[in-house]
Every structure is written in C-alpha cells, then in structure tokens.
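Sharing a model that was predicted from the sequence below.
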Amino acid sequence: MTTSMTTTAAESTPDLPESRASTPAAARGARPATTRDRKRHAHTPLNPRRSIPLTLLTGLVLVYTLLPLAWLVINATKSRRGLLDSFGLWFADDFSLWDNITRTVTYDDGVFVRWLLNTLLYVAAGAGGATVLAVLGGYALAKYDFPGRKAVFAVVIGAVAVPGTALAVPTFLMFSNMGLTNTPWAVIIPSLISPFGLYLMWVFAAEAVPTELLEAARIDGSGELRTFFTIALPLLVPGTVTVLLFSMVATWNNYFLPLIMIKDPDWYPLTLGLNAWNAQAQTAGGEAVFDLIVTGSLLTIVPIVAVFLLLQRYWQSGLAAGSVKE
C-alpha cells in the first residue's frame, strides 16, 4: 500500500528542471524577448553600431570639406580693406556682398562675364559631347558582340589609368601642328574624350538594359536606332546624368589644358581668368583685386552646386545601379 502511494506521488510530481523549463517566462519574472527588442539590438545598415572614433573622423572630414566653403562665403561679403583687416572666419563690419558682385561682373569692361560664357561653351560642347559619345559607345560595347571587343576593353581600362597631364604636351604639339591652338577647339576636342565616362556607361548599360527586352523589340520589327532611342535610352538616364555631372565638373574646373592651349584672354575660362586677376597684383603697376577674386570664386561654384542639387536623385540612382543582384 505504501509502495503504491509512493509510486503514484512520484508519477504525479514532475521533475524540478522540467517543471521550471515548462514554467512561462513571465511567471519567473523575466520578460520574453520580442521582435522589437531583437530589431533594436541587431546591428544592420539601417541600425549600425555606434563608433566614437568613426564619428570623430567623419566630423573632421566634414569640417575639412565645409571650412573652405564657409571661408569663401564669409570673405565674399567683405570689402577690400575688410578682407585684409578682419578675421578670416568671421564677418567684417561692412557687408559688401552685393557691391562685390556688381564690381566683379563689371570690372575691366565685364571680362568676368566673357570668361563665364567661355566656360559655359566649353562645358556645353565638351562635357555634353563627351556624354553623348560615352552613352553611344558604352551601349554598343555592352550590347553588341563584334571582333576586337576585348581589345577595346583593354584600351579603355588603360586610358582610365593614364593621367591627363601626361598627355598634355603631346596634345599641344598635335594641335599646334594643326593650327588649332589659341582657339576654343583646343579645349573642346580633348574634352570630348572621357575614358572613365565610357567605362561607366559600359558597365551601367550591361545591367540596366535587359538583352531580352532588346530581342523582343527586334522581333516586333523595331530597327536598331528606334530600339535605342525608345527603349534603351530611357533606361540609361540615371547613368547618363552621372556621366554628365562628372564631365561637367572636370571641364568646369579644367585649368592645365586651357593654360597650355590658350593665350588670348578673350578665350579664357573662369579658372584662367581668376588666376590672371591673382597674378595681376604681382606685376608692376597692377591693381590688387583680392576681393573680386574671392567673390568671383564664389560665383564660379554656384552653377555647379545648383546643377548637383537639381540632378541629385538621378546621380544617386546612377551610382547605385548594379549594386544589387536580382
């Protein structure tokens, strides 16, 4: 009888570990982990791990990037005397921004406006032409198979690795023999060649334009030009804008090529023109116009900043294209 009761009690009472394991977490006083808690503690690109050294480094890079721009904006508001007598990173007593802008665009019979128009010409013809050639060449190299395609790829990669300064002297000698130096063509024609833009469009077109879509258009009777303009070109807009922005910045800031090609001040771009104003103070009897140089430099970067802000969404999508494999 005693043995039977003992056996019955043992069977009705579970082991302690199993009973504890089967007890709900809330009954033991511990809160169960929720999905929200797991997302909070998981470190993902949207929820990265905080790093104090990386934050400090990013702050230093931000200061290094914005400090020259802040200096330029602040000093463009100063008169010539205030530019020399005041602290560089703070405003002077006299606010002369509008007067500086007026004097900059009217100084020396408005030569600054002429330099601005020259720069716009070089950008429109050089950067625009380079973008068109890069789009056409990149699309052809990505979607057509022809003999020598691998050789072209090797040439393009090699051209990307060659710095532009290494080609300056041969380019000058070639254009000098053709009688094109000291003309706008000496700046426009070399700007049409953009190996990096061609390579970028090549890679972008290979991913952005499906080959099956082109084959379907050809089966429906569409010609190659119609297929390119109606189907491929709209898909290439992000990459096209990206190449256009890179080409525009390179042509807008181009200094060395116009320096060796152009001697006539009437064909100077803004980079050479501002440098001529800076060198003017070092010549005998030359007028120091440092306030106009600072204001002109500020006016020079305004169009580039505006273009980047207007085309930012196309530029970002163009850089991100092909980064995710479907």
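Cool, got the structure. Numbering: from 1, shown residues only.

pLDDT weak spots in the chain?
1-46, 284-285, 315-326 (pLDDT under 70).

State which helix of it is the longest.
Looking across the chain with DSSP state H, the single longest helix is helix 97-122.

Can you spell out which helices and strands pack onto that one?
helix 185-191, helix 270-280, helix 290-310 (3 or more Cβ pairs under 8 Å, 6 or more residues apart in numbering; DSSP states H and E). Every residue, glycine included, has its C-beta placed from N, CA and C.

so which of the ones you listed gets nearest residue 55?
Of all the helices and strands packed on helix 97-122, helix 290-310 sits nearest to residue 55, with 25.5 Å by Cβ to Cβ.

Buried residues, the closest one. List them.
Neighbour-count burial for helix 290-310 flags 291, 292, 293, 294, 295, 296, 297, 298, 299, 300, 303, 307 (criterion: 16 or more other Cβ atoms under 10 Å).

and the last one, what does it touch?
Residue 307 makes contact with 245, 248, according to Cβ atoms under 8 Å, 6 or more residues apart in numbering.

Residue 215: which of the buried residues of helix 290-310 is nearest?
residue 307 (36.6 Å).

separation between that closest one and residue 76?
20 Å (Cβ to Cβ, to the nearest Å).

which one of the buried residues of helix 290-310 is nearest residue 209?
Of all the buried residues of helix 290-310, residue 209 sits closest to residue 307, with 25.6 Å by Cβ to Cβ.

Pull up the gap between that closest one and residue 197, please.
16 Å.

do the same with residue 161
For residue 161 relative to residue 197 (Cβ to Cβ), the value is 15 Å.

ranges for the helices of the stretch 51-200 of the chain?
52-75, 80-85, 97-122, 128-143, 149-161, 168-177, 185-191, 195-208 (DSSP state H, counting those that start in this stretch).

Can you report how many residues neighbour residue 73?
For residue 73, the neighbour count with other Cβ atoms under 10 Å is 14.

for the nearest residue to it once chain neighbours are set aside, what are its contacts?
Leaving aside its chain neighbours, residue 73 sits nearest to residue 298 (6.5 Å; criterion: Cβ to Cβ, 6 or more residues apart in numbering). Going by Cβ under 8 Å, 6+ apart, residue 298 touches 72, 73, 76.

which one of those residues sits closest to residue 127?
residue 72 (23.6 Å).

Near that closest one, how many other residues are there?
Counted with other Cβ under 10 Å, residue 72 comes out at 15.
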